[in-house]
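Novice: Need a 3D model of the following:
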Amino acid sequence: MTQQDLHELAREGNSQAISALLNQQLKSSGVRSKAVIKQGCLHVILEADDDVPDRPSCLETIRVKVVNWEVEGVDRVRVYGRKTGNSAAAWQQEFAVAVGGYSNFLSSQSQGATGSPDMEDVPEDNGPPKSKPTLTTSSSQSPLQPILRVLIVIGMILVAVGAYFILEQSQSDEPEARAEQATGNRQQAIGSSRQQVGDSLPTQSVLRQSSIAITR
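Specialist: Here you go, the predicted model:
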């Protein structure tokens with residue numbers, strides 16, 4: 001597993017990857033680390049065979065690394081130092097991981113410190129974590145999906161064509177309606193003229209009869 005893989009797993013909150021990376025940094029000091037994440041807090045237990053791990057140097061190393069990793073779901077770090085074989089921590093210190101690479105020390109306890117995590121809850125250091133196999137899933141497409149897409153496209157085309165013909169038909173019917181209306185108006189006007197002519201005929205007949213009587 002490459003260093004890049006370890007750093008990626010550490011950012012995702014893999015405690016074994018965090019332990020492996022810290023051990024690489026602390027190996028020269030003869031210090032081993034075990035890590036576990038609980039409720040947003042990263043617990044790091046430091047052990048050394050000869051003596052209790054040096055608190056200032058170990059804390060600075062862990063603080064810089066954890067802040068740079070930006071571990072997901074971790075906002076606090078609690079570090080325990082003890083000699084190998086002892087169940088109680090000789091010292092412990094906690095600091096908050098803030099955004100932007102800044103951390104603030106919250107609490108510190110020295111010899112006889114209490115509150116050490118249960119060792120049964122801390123995973124054994126079995127070396128770098130094994131890389132998880134990547135699952136490749138092939139997206140299977142149902143044979144009905146292309147047919148449905150084609151039918152949808154055909155339906156949209158038919159709707160568009162139908163709307164076009166309806167629009168054309170309405171536009172072609174409009175001149176015919178206007179022509180019929182004009183013809184009706186002309187016929188009505190002709191009928192009115194004929195009626196007026198018919199009404200004037202009796203008057204002309206009376207005038208003719210009057211002129212004949214005068215002549216006689």
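
Novice: remind me which residues of the chain are low pLDDT?
Specialist: 99-143, 173-177, 193-216 (pLDDT under 70).

Novice: any chance you could map the strands in it?
Specialist: Secondary structure of the chain (DSSP state E): strands at 31-38, 41-48, 76-83, 91-97, 103-109.

Novice: What is the burial count for the residue lying closest to residue 69 once chain neighbours are set aside?
Specialist: In this structure, residue 69 finds its nearest non-sequential neighbour in residue 10, 5.0 Å apart by C-beta to C-beta, 6 or more residues apart in numbering. Every C-beta, even on glycine, is put in place using the N, C-alpha and C of the backbone. Number of residues near residue 10 (other C-beta atoms under 10 Å) recorded here: 26.

Novice: Same check on residue 74?
Specialist: 17.

Novice: ok, back up a step: now render the strands of the chain as a markdown table, adding mean neighbour count and distance to residue 1.
Specialist: Listed next are the strands of the chain as a markdown table, based on neighbours: other C-beta atoms under 10 Å; distance: least, C-beta to C-beta, whole Å:
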| stretch | mean neighbour count | distance to residue 1 |
| --- | --- | --- |
| strand 31-38 | 20 | 17 |
| strand 41-48 | 22 | 21 |
| strand 76-83 | 21 | 24 |
| strand 91-97 | 20 | 25 |
| strand 103-109 | 13 | 28 |
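
Novice: So which of these is nearest residue 151?
Specialist: strand 31-38 (52.7 Å; C-beta to C-beta).

Novice: how much does the closest one deviate in direction from strand 41-48?
Specialist: With axes from the mean of the first three to the mean of the last three C-alpha atoms, to 10 degrees as the basis, strand 31-38 and strand 41-48 are set at 160 degrees to each other.

Novice: partners of strand 31-38, with directions?
Specialist: Counting by DSSP bridges, the strands paired with strand 31-38 are strand 41-48 (antiparallel).

Novice: re earlier: the residue nearest to residue 69: what's it in contact with?
Specialist: Neighbouring residues of residue 10 by C-beta atoms under 8 Å, 6 or more residues apart in numbering: 17-18, 21, 69, 71.

Novice: Return the member of these nearest to residue 95.
Specialist: Set against residue 95, the nearest of the contacts of residue 10 by C-beta to C-beta is residue 71 (13.4 Å).

Novice: circling back: reformat the strands of the chain as TSV; add distance to residue 54.
Specialist: Shown next, in TSV, are these (distance: least, C-beta to C-beta, whole Å):
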stretch	distance to residue 54
strand 31-38	8
strand 41-48	9
strand 76-83	8
strand 91-97	10
strand 103-109	14
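
Novice: Out of these, which gets nearest to residue 147?
Specialist: strand 31-38 (50.4 Å).

Novice: tilt between that closest one and strand 76-83?
Specialist: Here strand 31-38 runs at an angle of 140 degrees relative to strand 76-83 (the same axes, to 10 degrees).

Novice: follow-up on the earlier one: out of the strands of the chain, which is closest to residue 57?
Specialist: strand 31-38 (9.1 Å).
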